[in-house]
Every structure is written in C-alpha cells, then in structure tokens.
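[1] Need coordinates for the below:
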Amino acid sequence: AVIVRACLRMVANGGFHLKYTVIWRLVVVPGWTVFQRRKDNFYRNWTDYENEFGNLTGEFWLELSKFHCLTKEESNTLDLRVDLGDFEGNTAYANYSTFSASDGSTEYILTVEGYSGTAGDGLSSHHNGSRFST
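    Coordinates of the predicted model:
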C-alpha cells in the first residue's frame with residue numbers, strides 16, 4: 001500500500017512512467033528495486049552493461065539506461081542499499097541516503113552520498129562522481 005501511494009503521488013506531481021520489468025524485494029525489504037544480483041564475476045563489455053543481461057531468477061544486471069531512469073528525478077530521492085554475503089554465511093550492508101546516475105551522454109556518472117552500515121564505505125569514498133566503467 002505504501003508503494004502504491006508513493007507511485008500515485010509521484011504521478012500526480014508530474015512524475016514519469018516506466019514500462020519495463022524490475023524485481024521488487026517484497027519479501028525482505030518492501031519497496032526496494034533490485035538492479036544487480038551476482039555471486040561471482042560480471043566481466044562484460046560496455047555494450048552488455050548498456051543492455052540487461054542475466055536471468056531475473058538468478059544473477060542479472062538491469063541495463064544502464066533503466067538505472068538512470070530510476071534515479072533521474074531530483075524530487076525523487078532514492079536510497080541505495082548494498083547487501084554483501086560470502087559463502088561462509090557472513091553478511092554486511094551499506095546504505096546510502098543519496099543515489100543517482102546521469103545519462104549515457106556522460107557515461108552514467110554516479111552520485112552516492114550519506115553512507116551508513118557495516119560493510120564500509122566503498123562507494124562514496126572511491127566512486128562518487130565517477131563515470132561507469134567495466
């Protein structure tokens with residue numbers, strides 16, 4: 001219900017419409033959109049990252065243009081959560097209170113700030129303001 005109200009409010013305020021499939025993590029954390037899930041490597045070229053790849057029931061990557069569309073509205077502040085786990089069952093997380101990616105003309109520059117969590121700040125300290133790279 002919260003998600004529906006948020007979506008209706010966004011549309012009423014001149015929001016944008018997206019027509020593509022994303023996965024909602026309703027079981028663990030309601031309202032989170034998963035744009036990447038992986039266990040090992042994603043050694044791919046630029047074209048692969050501009051296009052969605054993988055299997056939505058396993059490992060996958062949501063294409064870069066969709067990544068930008070989800071984060072482009074300045075009035076729609078998004079949080080980023082990174083969940084990490086190893087094969088021994090150890091877990092850690094990183095939350096960021098500000099998260100966006102520019103469009104393809106600027107090679108999807110990452111904005112990520114406001115870290116909290118247990119995984120350490122590997123994004124805002126090293127990648128904030130950086131262009132996407134493979």
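[2] Please make it C-alpha for all contacts and neighbour counts, starting now.
    Fine.
[3] the helices in the chain, which residues?
    2-12, 46-50, 64-71 (DSSP state H).
[4] Show me how far the shortest one is from its chain's centre.
    Think helix 46-50. 16 Å (CA atoms, centre = their mean, to the nearest Å).
[5] Please identify the buried residues of that helix?
    Residues 49-50 are the ones in helix 46-50 that count as buried (16 or more other CA atoms under 10 Å).
[6] Need the per-residue pLDDT for the spatially most central residue of the chain.
    What sits nearest the mean C-alpha location of the chain, by CA atoms, centre = their mean, is residue 35, with 4.9 Å. For residue 35, the model assigns a pLDDT of 76.
[7] and the helices of the chain, which one's lowest on average pLDDT?
    Among the helices of the chain, helix 2-12 carries the lowest mean pLDDT (a mean of 47).
[8] Residue ranges in the chain under the pLDDT threshold?
    1-31, 73-77 (pLDDT under 70).
[9] can you give me the strands for it?
    23-24, 33-34, 36-37, 53-54, 60-61, 80-85, 91-101, 110-117 (DSSP state E).
[10] Determine the set of other helices and strands touching the longest one.
    The reference is to strand 91-101. Contacts defined by 3 or more CA pairs under 8 Å, 6 or more residues apart in numbering; DSSP states H and E place strand 91-101 against helix 64-71, strand 80-85, strand 110-117.
[11] what angle do it and helix 64-71 make?
    Interaxial angle, strand 91-101 versus helix 64-71 (axes from the mean of the first three to the mean of the last three CA atoms, to 10 degrees): 90 degrees.
[12] how distant is strand 91-101 from the center of its chain?
    Put simply, strand 91-101 sits 9 Å off its chain's centre (CA atoms, centre = their mean).
[13] for the fourth one, same thing?
    On the basis of CA atoms, centre = their mean, the separation between the geometric centre of strand 53-54 and that of its chain is 15 Å.
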